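# this is a predicted model, with the sequence first.
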Amino acid sequence: MSKHLIVLGAGTAGTMAANRLRRALPASWSVTVVDRDDEHLYQPGLLLLPFGTYRPEQLVRSRHAFVADGIELLAGEVDRVDATARTVHLSDGRELAYDLLVIASGTSPRPDQTPGMLGPLWRQSIFDFYTLDGAVALRDALARFDRGRLVVHVTDMPIKCPVAPLEFTFLAESWLRARELRDTVELVYVTPLPGAFTKPIASERLGRLLEERKIAVEPDFLVESVDPEAKELVSYDERRVAFDLLVTVPLNMGADFVARSGLGNELNHVPVDKGTLQSKAFPNIFAVGDAADLPTSKAGSVAHFAVDVLVENVVAVSEGRPPTARFDGHANCFIESGDGKALLIDFNYDTEPLPGTYPLPGIGPLRLLTESRANHVGKLAFRWVYWNVLLPGRPMPLPSHMTMAGKKPPAPQKATTAQM
Amino acid sequence: MPVTTIDGHTVDVDPEGFLTEYAEWDEELAEALAAQIGISLTDEHWKAIRFLRQDYADQGETATLRRISTVGGIPIKSLFALFPQKPAKKLAYVAGLPKPHGCV
């Protein structure tokens, strides 16, 4: 008898998962992928689009081009998943029965969740860059901007690509300098975190780069609302940050159908076992990529490394065995730092980003947590790798588990009393 | 992991002073932990602390401010008033739990 695997979402994680699972599962299994449209967006490109590095049409391709033969790509909006009946309901009334379900519907910016953000200033003085429309509108606004306060802001964690707002800040600083506008623009980075980044060593290094570039940091700032009249961000503890141009990262939430299906947490991300990626509620449901509630970065590299584990575990469950492959939370991110340079970080659940070389110990060619031109070239080259190697699920010459080779661990810390 | 003594209680802590053993916490210790960061606990504080303890027991993760607000029903605004400046960190510290994982 034939069995059915359904993947919800044909983005980075869903496409890789479907392609790899099609090869791993026997022909008695059908593989269906559902997405609402046929536009696959190269999301890492959105960061560079406002600075004119890419044109919009370079970042979008047909989803069909990346979904392998033998997989059905279905256009449709998911209304809800009935996990007890093992059925996906589409909003046009179609019903799809499944034996195994992979949720890969990502996470999205939700400016509607912060009062005042979507008011009269939206796309006039307030911009996001995690959507194609937003990045294009921001490109046009930057071209007109020549003086005042440019504020880069993160609403709350987790967000996808958590280093992107920092990268945007470095790129904006470099871009303003090149146009001889740096002296008339004040740059401020506003974050809910206590510093530039989440992990101590990276935060210290990135914080130093912000300081060198005279970018002010407003830490521990959790926004409650935007005051459109005063053009100010207002925090829960009643601090105010004024802006002329605000580049914000709105609250990130998983797909609404996840909430309607009762499968999500308070941000509509799917609670899964952080090792096996299996739903904590239903053993025949898995989540991968940004849709999952994993305590690691929401990033394409994480999705890529996690898919290795997902494939092994989905195949195990399809054969009636328990899932035994364990994901280590491995993430690997380029951080653009302006002036044609970038840093690279490589970390997992247990090991924070450390300095060193990657992927070859002592050789590189990429340098961890240190600015270099090679890292920037690596980032640009990645677009080709993404379309041609990553999405089709071809083998990458990188191990999915993080390795300590090439990394310089810090000296062990002594216990201290709480510093708050 | 290091061991320290707080108000007569011997407990395991991480380098930042957060308790690492769920079972080593009790309500008396919470009063002592709160005093260390200049907070004296009221009923409102206790409501947040008890939610955080219970949610950790159920979920295995320290709740974020957003979760305490949407699931626990305590507005984020109140949490900032109760545990000023760094409510997520302070609340986890007093409740004897790891820092919330939201920050990655």
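Now that the structure is in, tell me what you want to look at.

# got any ranges where the chain has weak pLDDT?
Looking at chain A here, since you left the chain open. Chain A contains residues with pLDDT under 70 at A:412-420.

# should've been chain B
B:1, B:101-104.

# give me every residue that touches residue A:248.
Neighbouring residues of residue A:248 by C-beta atoms under 8 Å, 6 or more residues apart in numbering or on different chains: A:111, A:117, A:126, A:127, A:128, A:152, A:153, A:154, A:155. From N, CA and C alone the C-beta is placed, and that goes for glycine too.

# hey, what's it bridged with?
residue A:153 (DSSP bridges).

# which stretches in chain B count as helices?
For chain B, the helices defined by DSSP state H occupy B:27-36, B:43-59, B:65-70, B:76-82, B:87-94.

# please identify the deepest-packed of these.
helix B:87-94 (a mean of 24; mean count of other C-beta atoms under 10 Å in any protein chain shown).

# spatially nearest residue to residue 68, not counting backbone neighbours?
Answering for chain A, as no chain was given. Leaving aside its chain neighbours, residue A:68 sits nearest to residue A:19 (4.8 Å; criterion: C-beta to C-beta, 6 or more residues apart in numbering or on different chains).

# think we crossed wires, I meant chain B
Closest to residue B:68 by C-beta to C-beta, 6+ apart is residue B:74, at 5.5 Å.

# wait, isn't the one you found in contact with residue B:49?
No: assessed by C-beta atoms under 8 Å, residue B:74 is found out of contact with residue B:49, at 10.5 Å.

# re the thing from before, any idea how far residue A:388 is from the residue nearest to residue A:68?
In this view, residue A:19 and residue A:388 are 13 Å apart by C-beta to C-beta, to the nearest Å.

# between the two, who's got more neighbours?
Between residue A:19 and residue A:388, counting by other C-beta atoms under 10 Å in any protein chain shown, residue A:19 is the more crowded of the two (25 against 11).

# give me the neighbour count for residue B:23.
7.

# I should have written residue A:365 there, sorry.
13.

# surely it is within a helix?
No: counting by DSSP: H, G, I helix; E, B strand; the rest coil, residue A:365 falls outside a helix, being strand.

# need phi/psi at whichever residue of the stretch 1-150 of chain A sits closest to chain B.
In the stretch 1-150 of chain A, no residue comes nearer to chain B than residue A:113, which is 9.7 Å away by C-beta to the nearest C-beta. Dihedral angles of residue A:113 (phi, psi; degrees, to the nearest 10) stand at phi -80, psi -10.

# before we move on, what about residue A:253?
Dihedral angles (degrees, to the nearest 10) for residue A:253: phi -130, psi 150.

# hey, what's it bridged with?
With DSSP bridges as the rule, residue A:253 is bridged to residue A:108.

# tally of neighbours for it?
19.

# can I assume it is in contact with residue A:114?
No: Residue A:253 lies out of contact with residue A:114 (C-beta under 8 Å); the separation is 11.8 Å.

# distance of the residue nearest to residue A:121 when sequence neighbours are not counted from chain B?
Nearest residue to residue A:121, sequence neighbours excluded (C-beta to C-beta, 6+ apart): residue A:228, at 5.0 Å. According to C-beta to the nearest C-beta, to the nearest Å, residue A:228 stands 20 Å off from chain B.

# shouldn't residue A:228 be in contact with residue A:124?
No: contact criterion C-beta under 8 Å: residue A:228 and residue A:124 do not qualify, at 9.5 Å.

# okay, those two: which has more neighbours?
Each of residue A:228 and residue A:124 has its neighbours counted (other C-beta under 10 Å); residue A:228 has more, 17 against 12.

# for that one, give me its contacts.
A:116, A:119, A:120, A:121.

# hmm, which two among these are most spread apart?
A:116 and A:120 (9.6 Å; C-beta to C-beta).

# hmm, residue A:14 is touching residue A:7, no?
Yes: proximity of residue A:14 to residue A:7 meets the contact threshold set by C-beta under 8 Å, at 5.0 Å.

# the two - which one has more neighbours?
residue A:7 (32 against 28).

# quick one: contacts for residue A:22?
Contacts of residue A:22 by C-beta under 8 Å, 6+ apart are A:31, A:68, A:70, A:71.
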